[in-house]
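# Need the 3D shape of this:
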Amino acid sequence: MVKLNPNLKERRMGFLFMFIFFLIGLFYLFYDGWLYEWVEYGYSGANQHWDLIIFGDMNYEIINGEYVYHTTHNLMHFLYLCYWTGAVNYLYLITGNKWLKQGSIATMAFAMMAFFSTINPLEASNIFSTDVFKFHSYYLQIVFDINHICGIIMGFYIFNSSIKEEEEINFKMITPFILGTWVIYLITKVVMTPWPFWAPGNELGYYDTNQINNIPFQLYGFEYLLLAVPLLYLINFLVRFLTQKIKNPKLKAIVPYAIFASFTLIFVSIDFIVLQNIPYQAFLGN
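Numbers count the residues shown, from 1 in each chain. As a prediction, this is how the structure comes out:
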């Protein structure tokens, strides 16, 4: 029997965010189309439509080393890490489970760093382009923005709650959630790329502005385990270390976000975060 959070305010918040994420999930599953295509063709693009095809609506080939897309779908949006880390947040709010609370804190970097790095969803380092406003008027990008903002709000609330209750990051409890993000990464590789996904030409078999999968090297799916997982532990170590040193609760509350913003700026400046960019000619349906 699942226990509900005795805190009625948090429980109501959790159900509200769960409903929002349910709607987001429906959009991700059934709306085809990518930002790259929309920028050139608008909503008249061949893939800018709703359909009920989830698994069989991805058709592309490699011609002269370039990916050419006949049809696209957004199953990879549904497998988006920020979507599932958001689920950990609202499930904690609904149940009050301490493990879920630790998992929420451990993974709250995803929503904030994704939000910062997709201010310009086509070029992370160029946030002062006037095209930014145009890109965020696209239906799908608006849904991603809602996903990120909801994750940031929930993460901020949950982290503040842990400060008030004098709870520290527990590395034993956060480990299943950090490793769980690796499992989602592997699932996206298995589901969205030709098998074997590590073969030359298959490593980046799907693209998505918001699913940053351009890790600097490929190693049979273990590249995430070797690079992203230690980074998540480092971020959580810094959050725990600095919050222990700071006495002011208000300053403690902004520590994680200062760390997330700093890491994002560093990664963007050294081209560690590279958003995919597909030329409009790649979409043959238009």
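# Need phi/psi at the residue nearest to Met154 when sequence neighbours are not counted.
Using CB to CB, 6 or more residues apart in numbering and skipping residues adjacent in sequence, the residue nearest Met154 is Asn89, 3.8 Å away. C-betas here are computed from N, CA, C, even on glycine. Main-chain dihedrals, Asn89, degrees, to the nearest 10: phi -60, psi -50.
# Wait, Asn89 touches Phe17, no?
Yes: shown here, Asn89 and Phe17 form a contact pair, counting by CB atoms under 8 Å, at 7.0 Å.
# Nearest residue to Ser269 in space, please, no chain neighbours.
Nearest-residue entry for Ser269: Ser125, 7.0 Å, with adjacent residues in sequence omitted and distances by CB to CB, 6+ apart.
# mind listing the helices in the stretch 1-150 of the chain by residue range?
Listed in chain order, the helices of the stretch 1-150 of the chain (DSSP state H, counting those that start in this stretch) span 8-30, 35-41, 75-78, 81-95, 98-106, 109-117, 131-135, 139-164.
# Out of those helices, which is closest to Thr264?
Counting by CB to CB, Thr264 lies closest to helix 109-117 out of these; the figure is 4.3 Å.
# what's the angle between the closest one and helix 139-164?
For helix 109-117 against helix 139-164, the angle by axes from the mean of the first three to the mean of the last three CA atoms, to 10 degrees is 130 degrees.
# In helix 109-117, which residues are buried?
For helix 109-117, the neighbour count (16 or more other CB atoms under 10 Å) marks 109-117 as buried.
# likewise stretch 156-176?
Neighbour counts over stretch 156-176 (16+ other CB under 10 Å) mark 156, 158-159, 161-163, 169-170, 173-175 as buried.
# now the residues you listed in JSON lines, with distance to Gly96 and pLDDT?
Below are the buried residues of stretch 156-176 laid out as JSON lines (distance: CB to CB, whole Å; pLDDT from 0 to 100):
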{"residue": "Phe156", "distance to Gly96": "18", "pLDDT": "95"}
{"residue": "Ile158", "distance to Gly96": "11", "pLDDT": "97"}
{"residue": "Phe159", "distance to Gly96": "15", "pLDDT": "96"}
{"residue": "Ser161", "distance to Gly96": "10", "pLDDT": "95"}
{"residue": "Ser162", "distance to Gly96": "13", "pLDDT": "95"}
{"residue": "Ile163", "distance to Gly96": "17", "pLDDT": "94"}
{"residue": "Ile169", "distance to Gly96": "18", "pLDDT": "96"}
{"residue": "Asn170", "distance to Gly96": "16", "pLDDT": "97"}
{"residue": "Met173", "distance to Gly96": "14", "pLDDT": "98"}
{"residue": "Ile174", "distance to Gly96": "17", "pLDDT": "98"}
{"residue": "Thr175", "distance to Gly96": "21", "pLDDT": "98"}
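# re earlier: can you tell me how far the residue nearest to Met154 is from Pro121?
23 Å (CB to CB, to the nearest Å).
# The two: which has the busier surroundings?
Between Asn89 and Pro121, counted using other CB atoms under 10 Å, the more crowded position is Asn89 (30 against 24).
# Who are the contact partners of the more buried one?
By CB atoms under 8 Å, 6 or more residues apart in numbering, the contact list for Asn89 reads 17, 104, 108, 151, 154-155, 158.
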